[in-house]
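In: coords please:
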Amino acid sequence: MTLEYVINTYGCLAIFLGTFIEGETVLITGGLAAQLGYLRLPFVILAAFAGSMCWDQLLFFIGRRHGRAVLDRFPRLQPRARQVMRMIERYRTPVLLVFPFVHGLRETSPIVIGMSRVRWIQFILLNSFAAVIWAVSLGFGGYLFGHALEIIIGDVKRYEMGGLIAIGSIAILILIITHWRSRFREAGNGEPPRPHAGS
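Out: Numbering: from 1, shown residues only. Reported below is the predicted structural model:
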């Protein structure tokens, strides 16, 4: 089974599901795969958009119905949740448009927005617009990155396996660093954070 077969068979599905975990890295990798000729860039962008929308809407409704229970279950989310809630109270529309682009807020924000007074129709409209910009910009970013590599080193396809492994390794490293930074930040607070008052 070749890398080409795997990407051609599961590429867009992997991008759709990957947006639930590490969307930026997955989408950039998908754009790179499109530049290599394994995927079509419009399908990469569409899969990322659909995955982002499904994940954000799911988290929004979890926040609306079970937000307090989620924060009680995962205390490490509470400081960030309080931060997002304060931003929503002051800058509702900008927060709804920007949070998909901010690493570290993407997972928490839809839950907190669901706990707020933001109406579902407002969330889905603004989130749809933000998801389009997010998917198009990062998808094209990965595509142009692959094009730049081709200009610099010639036949990029000879290096695709190493390149994709390197991108995956960098993504895992980023996740580990982010996890440990959040753990150290919580340890430095000295006391467990208290949940924000319900809205």
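
In: can you give me the helices for the protein?
Out: All helices of the chain, identified by DSSP state H, fall at 3-35, 41-73, 78-90, 92-98, 109-115, 120-153, 160-189.

In: Of those helices, flag the one that's most buried.
Out: Of all the helices of the chain, helix 109-115 has the most neighbours on average by mean count of other Cβ atoms under 10 Å, namely a mean of 26. All C-beta atoms are positioned from the backbone trio N, CA, C, and that covers glycine.

In: So which residues make contact with that one?
Out: Helix 109-115 has contacts (Cβ atoms under 8 Å, 6 or more residues apart in numbering) with 55-57, 59-65, 67-68, 70-71, 77, 81, 84-85, 88, 95-96, 99, 102, 123, 127, 198-199.

In: about what we covered before: please produce JSON lines containing the helices of the chain, extended by mean pLDDT.
Out: Below are the helices of the chain laid out as JSON lines (pLDDT from 0 to 100):
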{"stretch": "helix 3-35", "mean pLDDT": "76"}
{"stretch": "helix 41-73", "mean pLDDT": "91"}
{"stretch": "helix 78-90", "mean pLDDT": "85"}
{"stretch": "helix 92-98", "mean pLDDT": "87"}
{"stretch": "helix 109-115", "mean pLDDT": "90"}
{"stretch": "helix 120-153", "mean pLDDT": "81"}
{"stretch": "helix 160-189", "mean pLDDT": "55"}
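
In: mind checking the end-to-end distance for stretch 33-42?
Out: Terminal residues of stretch 33-42 are spaced 12 Å apart (Cα to Cα, to the nearest Å).

In: Arg68 and Met85, how far apart?
Out: 12 Å (Cβ to Cβ, to the nearest Å).

In: Please apply the same query to Arg64.
Out: Using Cβ to Cβ, one gets 14 Å for the distance from Arg64 to Met85.

In: Same check on Phe140?
Out: Noted for Phe140: a distance of 33 Å to Met85, by Cβ to Cβ.

In: same deal with Ser52?
Out: From Ser52 across to Met85, the span is 22 Å (Cβ to Cβ).

In: Phe16 too?
Out: Phe16 sits 30 Å away from Met85, going by Cβ to Cβ.

In: Over to Ile113?
Out: As for Ile113, its distance to Met85 is 9 Å (criterion: Cβ to Cβ).

In: Kindly report the same for Ser128.
Out: Distance from Ser128 to Met85, counting by Cβ to Cβ: 23 Å.

In: before we move on, what about Ala131?
Out: Separation of Ala131 from Met85 (Cβ to Cβ): 22 Å.

In: Over to Gly30?
Out: Per Cβ to Cβ, Gly30 is found 33 Å from Met85.

In: Which residues are in contact with Trp55?
Out: Thr19, Phe20, Pro110.

In: For Phe140, which non-adjacent residue is spatially closest?
Out: Once flanking residues are discounted, Phe140 sits nearest to Gly31: 6.5 Å by Cβ to Cβ, 6 or more residues apart in numbering.

In: so how far is Ala48 from Phe140?
Out: As judged by Cβ to Cβ, Phe140 and Ala48 stand 11 Å apart.

In: same question but for Val84, I mixed them up
Out: In this view, Val84 and Ala48 are 23 Å apart by Cβ to Cβ.
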